[in-house]
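*Asks:* whatever this is, show me its structure:
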Amino acid sequence: MDEDLRERLRTAAASHRPDRARMLARIERGMAEEPPARPARAPRAPMPWLRVAGATAAVCGVLTAGAFAVTSAGREEPAGGQRVAAEPASPTLAPPSPGRGGALPAGKGPLWSDGSLNPNSNDYWAQSEVTVKTDRPLSALTVELRIALNGGVATTGSWRSLPEQDFAVSAREEDGFLVYRWTLKPGRSVPTGTHTFAGQYNHAEGTRDAGRDDYTARARAAAGPVSVGGDFSATR
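*Replies:* Numbering: from 1, shown residues only. This next block holds a predicted model:
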């Protein structure tokens with residue numbers, strides 16, 4: 001290369017000034033560009049132990065729901081109407097039982113009655129029931145159940161099949177008897193049909209003598225006052 005060419009190259013290099021602003025602009029444009037998207041990966045299949053755990057959780061959920069349904073279905077209120085408990089009753093309340101012979105003995109006028117011991121009574125607890133049947137509405141009614149205070153008798157509660165708010169209820173000891181009394185409130189009425197009044201009580205272990213127990217039912221119908229009464233079998 002001749003000396004003249006070398007001199008021209010040196011002169012050109014010495015006179016060159018880089019465009020700094022253009023270089024910075026190119027760098028900024030490059031940084032602003034988004035990197036190419038990566039292809040999506042296919043989801044991994046769950047590990048075998050995860051599948052087993054999921055199946056186990058599902059089975060447990062089904063069993064739990066089934067157990068809850070069975071438990072809920074088993075919680076039934078005892079039949080035989082509502083209870084008015086002076087104290088919590090010990091055993092499960094039993095439904096009213098039919099009178100002796102399966103029918104109500106005839107009473108005076110529109111009123112019939114029967115006294116019976118519920119078959120679910122046992123060696124420690126009993127339920128005495130008075131069943132009253134009327135063929136016309138009653139404007140007044142008082143049912144009295146008397147349980148002789150023998151064999152450690154102590155009240156555990158009472159109930160009646162008619163609405164609770166229609167009656168004033170009491171249970172107290174009077175003249176050697178535990179007396180349950182249901183009195184229809186003024187302005188209320190008893191509809192036509194069969195109605196049950198029951199007294200519950202604990203007693204000493206064994207068979208209790210019910211020979212002195214009795215009941216009365218006094219009522220008023222359109223034709224005037226009427227009353228019925230009776231007793232119970234001598235033993236449970």
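
*Asks:* grab the nearest non-local neighbour of residue 147.
*Replies:* residue 178 (4.4 Å; Cβ to Cβ, 6 or more residues apart in numbering). C-beta here means a position set from N, CA and C on the backbone, and glycine is covered the same way.

*Asks:* so who does that neighbour touch?
*Replies:* Contact analysis of residue 178 by Cβ atoms under 8 Å, 6 or more residues apart in numbering lists 146-149, 153-155, 171-172, 199, 201.

*Asks:* would you map the helices across this structure?
*Replies:* 3-15, 20-32, 48-73 (DSSP state H).

*Asks:* worst mean pLDDT among these?
*Replies:* For these, mean pLDDT drops lowest on helix 48-73, to a mean of 39.

*Asks:* if we can go back for a sec, which ones among the contacts of residue 178 map onto strands?
*Replies:* 146-148, 154-155, 171-172, 199, 201 (DSSP state E).

*Asks:* returning to that earlier point: any chance of the contacts of residue 178 in a markdown table, with neighbour count and pLDDT too?
*Replies:* Converted to a markdown table, the contacts of residue 178 look like this (neighbours: other Cβ atoms under 10 Å; pLDDT from 0 to 100):
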| residue | neighbour count | pLDDT |
| --- | --- | --- |
| 146 | 22 | 98 |
| 147 | 26 | 98 |
| 148 | 17 | 97 |
| 149 | 17 | 96 |
| 153 | 18 | 97 |
| 154 | 12 | 97 |
| 155 | 20 | 97 |
| 171 | 21 | 98 |
| 172 | 11 | 97 |
| 199 | 27 | 98 |
| 201 | 26 | 98 |
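
*Asks:* nearest to residue 220 among these?
*Replies:* Closest approach between the contacts of residue 178 and residue 220, by Cβ to Cβ: residue 146, at 21.6 Å.

*Asks:* quick check: residue 148 touching residue 175?
*Replies:* No - in this structure, residue 148 is not within contact of residue 175 by Cβ atoms under 8 Å, at 10.3 Å.
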